[in-house]
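Asks: no sequence on hand, only this structure:
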């Protein structure tokens, strides 16, 4: 619970897999967090090579129709807290260092592919003790085999493809509101299971049947969960300037806890997302409805998130202004055998910024922000956040979904307000540095239910990736 909100990496080279490929053939693929979405096969043509030193590792020819790609991430991150969880954390004042190394090897042989990514993750100075997201020592982060069953070109732009994948893998669906990589902590989130991928032109469909991997504190002790399972379908249709996602996710947790009750949860989520970027405007709107069973009662929950922004490329520093508004339902009555608390399942770590002690459960959030580019690889942003409880009968949760403040007898809705500044420098193609400074002032609800000091957090990070 100590670092529930600071689960993010401010890395300029990181984008979602949907944007993994550059639009210009001569440019290398944009680096991704999942890494397996990168396609370096164009380097087989000597005319596509630039002579950059990483190309000898990105594409290694092995024979006819066979090649390997390799890469590496080295990351150091320091986080310093004062009054974590408003002074109610086991170690409210804490400063620690995260270190991780994640090399990968991607072998392609005809229609068969094998992907391997180990991880070495260590933590120094975490109080009162390391958790599994701080340190897993040496373990397997990703390891899978997939087979491309067919690909028939139907035109200059369209191709029909089908791939079956089995093994351990990170998942990034859409903007990671429901299923993400948890990339910011020292130990990202992976899943064991099966995935089917189909594509036709600008349309894709992903079918999944997986279990989350629960990291251990020692080496080679990460195991798939015995209590939680995830399955479903995620479809997306993209056009040059906009797109629509539709999805269904099924979730089972035999040891779920809500309102002090631990029982079996079976939850179904149906979601839709509309996003785009036209001229200087960009937007992302997503809604999810949930139903199912918890203990001996029913589930009925929902969320609606919206982001609308405008960038000004002709103004100095090319500012981008954005406003975000989120609503996630809470439980209206803990005694009516009907659970109304929205469950974000496996959301991205960087949900509301670098410092996010609250998660997308029983929450209303308003978040204006401005960012800009200052040249020589330097970018910066300034954001403000305000948080309210959606239901007065429900409490406040962290990003993994654990209750961190029970509702008690408070009738206050306001949780608190936050301000955050970030700056990042892409020093070279492979090396980046970033810093963030955040403060979260408690509102009436926090003051009425326990410790209520202002949280401050300083994050410093360096990241080397190719």
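Replies: All right, it came through fine. For clarity, every value in this text was computed on a predicted model and none was experimentally measured.
Asks: what residue in the protein is the furthest from its centre?
Replies: Here the centre of the chain is the reference, and by Cα atoms, centre = their mean the most remote residue is residue 64, at 37.2 Å.
Asks: and the pLDDT at it?
Replies: For residue 64, the model assigns a pLDDT of 87.
Asks: give me phi/psi at residue 315?
Replies: phi -90, psi 150 (degrees, to the nearest 10).
Asks: what's the first-to-last distance across stretch 396-416?
Replies: Using Cα to Cα, to the nearest Å, the end-to-end distance of stretch 396-416 comes to 11 Å.
Asks: list the buried ones in that stretch?
Replies: 396-401, 403-405, 407, 410, 412, 414-416 (16 or more other Cβ atoms under 10 Å). To be clear about C-beta, it is placed using only N, CA and C from the backbone, and glycine gets the same treatment.
Asks: what packs against whichever helix or strand residue 168 is part of?
Replies: If you go by DSSP states H and E, residue 168 is part of strand 159-169. Where contact means 3 or more Cβ pairs under 8 Å, 6 or more residues apart in numbering; DSSP states H and E, strand 159-169 is packed against strand 137-153, strand 191-200.
Asks: which of those is buried the deepest?
Replies: strand 191-200 (a mean of 18; mean count of other Cβ atoms under 10 Å).
Asks: model confidence over that strand, on average?
Replies: Across strand 191-200, pLDDT averages out at 96.
Asks: residue 228 reaches residue 212, doesn't it?
Replies: Yes: counting by Cβ atoms under 8 Å, residue 228 does reach residue 212; the two are 5.6 Å apart.
Asks: doesn't residue 447 fall inside a helix?
Replies: Yes: secondary structure of residue 447 (DSSP: H, G, I helix; E, B strand; the rest coil): part of a helix.
Asks: hang on, the earlier thing: go through the buried residues of stretch 396-416 and say which is closest to residue 304.
Replies: residue 397 (17.5 Å; Cβ to Cβ).
Asks: so what does the closest residue in space to that closest one that isn't next to it in sequence have for phi and psi?
Replies: Nearest in space to residue 397, with sequence neighbours left out and distances taken as Cβ to Cβ, 6 or more residues apart in numbering, is residue 361 at 3.9 Å. The phi/psi pair for residue 361 (degrees, to the nearest 10) reads phi -140, psi 130.
Asks: which residues does residue 361 contact?
Replies: By Cβ atoms under 8 Å, 6 or more residues apart in numbering, the residues touching residue 361 are 328, 330, 341-344, 397, 401.
Asks: can you list the low-confidence ranges for this protein?
Replies: Low-confidence segments of the chain, defined by pLDDT under 70: 1-28, 151-159.
Asks: now do the helices in it.
Replies: For the chain, the helices defined by DSSP state H occupy 55-58, 444-449.
Asks: buried deepest among those helices, which one?
Replies: Comparing the helices of the chain by mean neighbour count (mean count of other Cβ under 10 Å), helix 444-449 comes out on top with a mean of 20.
Asks: show me what that helix is packed against.
Replies: So helix 444-449, by 3+ Cβ pairs under 8 Å, 6+ apart, packs with strand 403-405, strand 414-426.
Asks: of all those, which lies closest to residue 100?
Replies: When the helices and strands packed on helix 444-449 are compared by Cβ to Cβ, strand 414-426 sits nearest residue 100, at 18.6 Å.
Asks: quick one: contacts of that closest one?
Replies: Around strand 414-426, the neighbours that count as contacts under Cβ under 8 Å, 6+ apart are 10-13, 352-355, 358, 363, 376-389, 396, 432-446.
Asks: how near is the closest residue to residue 181 other than its chain neighbours to residue 141?
Replies: Nearest residue to residue 181, sequence neighbours excluded (Cβ to Cβ, 6+ apart): residue 170, at 4.7 Å. Distance, residue 170 to residue 141, using Cβ to Cβ, to the nearest Å: 7 Å.
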